[in-house]
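>>> Sequence first, then the predicted structure, then my questions.
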Amino acid sequence: MHPVRTIFALLLAAVLLTSGLRAADLIVRAKQIVTMDAEKRVIEDGAVAIEGDRIVAVGPRSEVEASHAAARTLDYPNGILMPGLLNTHTHAAMSLFRGIANDRTLDDWLTNFIFPAEAKNVTADFVYWGTRLAAAEMLLGGTTLFVDMYYFEEEVGRAAADAGIRTVAGQCVIQFPVPDAPTPADGLKRTEAFLQRFDGHPLVQAAVAPHALYTNDRKTLEACRKLADKYKAPLLIHLSETKKEQQDMQKLYGKSPAAVLTEWGVFDGPSIAAHGVWLSNDDLDLLRSRKVGVAHNPSSNMMLSSGVAPIGEIRKRGIPVGLGTDGPAGSNNDFNLFEEMDLAAKLQKVHTMDPTALSAETVVAMATIEGARSIQRQQDLGSLEPGKRADWLVLDGTVLNALPSYDVYSQIVYAFKANNVLDVMVNGVLRVKNGELVYGDLSELRQKTREYRNKIVDSLRKP
C-alpha cells in the first residue's frame, strides 16, 4: 500500500475505534438517489456506503455519514444515482454485424443474411471482440448486466470478465450446424463445459440457451432443460416473436409454442423467454404458472415488424418483464437501454391508445428491479439496498436536455440519453468515470473492429 494511504488508513481506524462508526470502503453522495426498492424511495441529498462489492447502507447523507466512515468518497452534487440497467436479451457479438441487413423481415434477415454471414465469419476470436465492442457501448450507457445468447459463449464470458461487466451468458443450442457445433449433441457438450468453466464466477452466470422451438426438436429441448437443472442454471429461449412462428408451430404441433414448451417440461425451472409478442391469454397463464420471465424488446419488434408485445396483460398476471435490445445487424443497431425505456413506454401508449398504459416509473422498474426479477436475480441486483451488489450509474443532472426537472422517473425515461451517464460501477469497481471507460485504451478494439468489417465485406462478395 502507498505510504500516505497506509497512514490515512491507520488514522481512519483510530477514528472508528473511538467513534463507534462502521467502516466502509466507499461512500457515494448524490443530489438524488433513485433506489428502486420496495417503497420506490427517491432520496434527496443521499448517500450509499459500500464494502467490497456490496452495498451496506442507503439513505439521507446525514444518516449514512452518522453511521459509516470510509477512506474513499465520490461526490455528485448534481448527479442522479440509480441502479445499473439490466439488458435482458442480447446477442452481443453481433455488434460486428451492425447494419449489415436492415429493413427486412425476421425470416428474410435470418435465412438470407445473418445465418450465411455467421457461417463465413463467426469464430471464437470474432465473438470475443464483438462482445468487447458491445460491452464498451453498454457500460458507457449505464448497463451493468446483459443476458446473452450466441455461439462460443465461453468467449462472451471471457470478454465480459475482461471488460468488467456482468452477464448471464447462454450457450446457444440449435438443431442445424452452426459455427461452434456441427450437431445439437456437440452444442450440448460445449454448453456443459461452459457451465463448468464459469461455475461460481463473480461476473459471469452461465446459462443454457436453446434458440427456439422452431429451431430445435423435442429431444434437444428436453436435454437442454435437463442440463440446466443439473447445474442450477437458467434457460434462455426465443418465444412467439412473430405471427409466422406462432402459426407454423400451431400447424406442426396443434398448440402454441408456449403450450408445447410447457408440455415438454422446458419451462420446469428458471426460464427467460425473449420477445413474447404473440402470446395469447392462455399462453400467459402458462408462463405465470411456470414463473417464466419475459424479455421485452421494443426496438427489435418494431424494426422487424414483429408486432407489439402485450406488456400490460403480461404484467397484470404478475409475470416479471425486463427490457432487452436484442442484437445488432437488423433487429436493432445499438445497445441503448435509455432508448428502449423511451420506446417501451410510447409503444404501449400508441398501441392501446391509452397514455397511462405504461408509466415512466414502471419502465424504469423494468430496466432495473423488475428486470432482475425476470432473470431471478432480484436478491442481489436491480435496486440500491443493503446487501445487494454495488452496481450503479450516475446521470449528469446538469445536461440541458434534462432541464428543468420535476419528476425524476419522467426525466430518466423521456429526457435523459445514454451519453448523459457520468460514472458506472459494477461489483464495487468503477468502470466508467466522467463518461469514459476506466479499463483502458480502445485503440486495439477499434482496430479489431475495422479488421472484421473488412473481412465481413469480403466474405459477402464470395458465393
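Structure's in. What do you need?

>>> how does this structure divide into domains?
3-83+385-437, 85-374 (automatic domain parsing).

>>> ranking those domains by burial, who's on top?
Of the domains of the chain, the one with the most neighbours on average (mean count of other CB atoms under 10 Å) is domain 85-374, at a mean of 21. Every residue, glycine included, has its C-beta placed from N, CA and C.

>>> I'd like to know the average pLDDT value across that domain.
Domain 85-374 carries an average pLDDT of 96.

>>> what about it, start to end distance?
13 Å (CA to CA, to the nearest Å).

>>> Give me the distance from it to the chain's centre.
Chain-centre distance of domain 85-374: 10 Å, with CA atoms, centre = their mean, to the nearest Å.

>>> which one is the spatially most central residue of the chain nearest to, not counting chain neighbours?
The residue lying closest to the centre of the chain (CA atoms, centre = their mean) is residue 87, at 2.1 Å. What sits nearest to residue 87 in space, not counting adjacent residues and going by CB to CB, 6 or more residues apart in numbering, is residue 146, at 4.2 Å.

>>> what's the answer for residue 424, then?
Residue 424's closest residue in space is residue 432 (CB to CB, 6+ apart), at 3.8 Å.

>>> and the one you found, that one's in a helix?
No: counting by DSSP: H, G, I helix; E, B strand; the rest coil, one finds residue 432 to be strand, located in no helix.

>>> what's the pLDDT at residue 19?
61.

>>> How about residue 14?
At residue 14, pLDDT is 48.

>>> Residue 152 reaches residue 129, doesn't it?
No: Residue 152 is beyond contact range of residue 129, at 11.3 Å (criterion: CB atoms under 8 Å).

>>> In the chain, where's the longest helix?
Identified as the longest helix of the chain according to DSSP state H is helix 443-461.

>>> Could you give the separation of it from the chain centroid?
Averaging C-alpha positions (CA atoms, centre = their mean) puts helix 443-461 26 Å from its chain's average.

>>> Could I get the buried residue list for that helix?
445, 448, 449, 452, 456 (16 or more other CB atoms under 10 Å).

>>> Identify all contacting residues around it.
96, 97, 100, 117, 120, 121, 126, 129, 130, 132, 133, 136 (CB atoms under 8 Å, 6 or more residues apart in numbering).

>>> Pick out whichever of those residues sits closest to residue 275.
The nearest member of these to residue 275, counting by CB to CB, is residue 97 at 19.3 Å.

>>> Report the separation between the closest one and residue 281.
Counting by CB to CB, to the nearest Å, the gap from residue 97 to residue 281 is 36 Å.

>>> Let's see the pLDDT reported for residue 382.
For residue 382, pLDDT reads 98.

>>> Just to check, it is in contact with residue 371?
Yes: between residue 382 and residue 371 there is a contact under CB under 8 Å: 6.4 Å.

>>> Overlap of the contact sets of these two?
Residues touching both residue 382 and residue 371 (CB under 8 Å, 6+ apart) are residue 86.

>>> Would you state the helices of the stretch 201-350 of the chain in chain order?
Assigned helices in the stretch 201-350 of the chain, in chain order: 218-230, 243-253, 257-263, 281-290, 298-303, 311-316, 337-352 (criterion: DSSP state H, counting those that start in this stretch).

>>> Save these as TSV, and put in distance to residue 49 too.
Shown next, in TSV, are those (distance: least, CB to CB, whole Å):
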stretch	distance to residue 49
helix 218-230	37
helix 243-253	48
helix 257-263	44
helix 281-290	38
helix 298-303	36
helix 311-316	33
helix 337-352	27
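
>>> What is the longest strand seen in the chain packed up against?
Secondary structure of the chain per DSSP state E: the longest strand is strand 68-83. Applying 3 or more CB pairs under 8 Å, 6 or more residues apart in numbering; DSSP states H and E, we find strand 68-83 packed against helix 3-19, strand 22-34, strand 42-51, strand 392-396, helix 408-414, strand 421-426.
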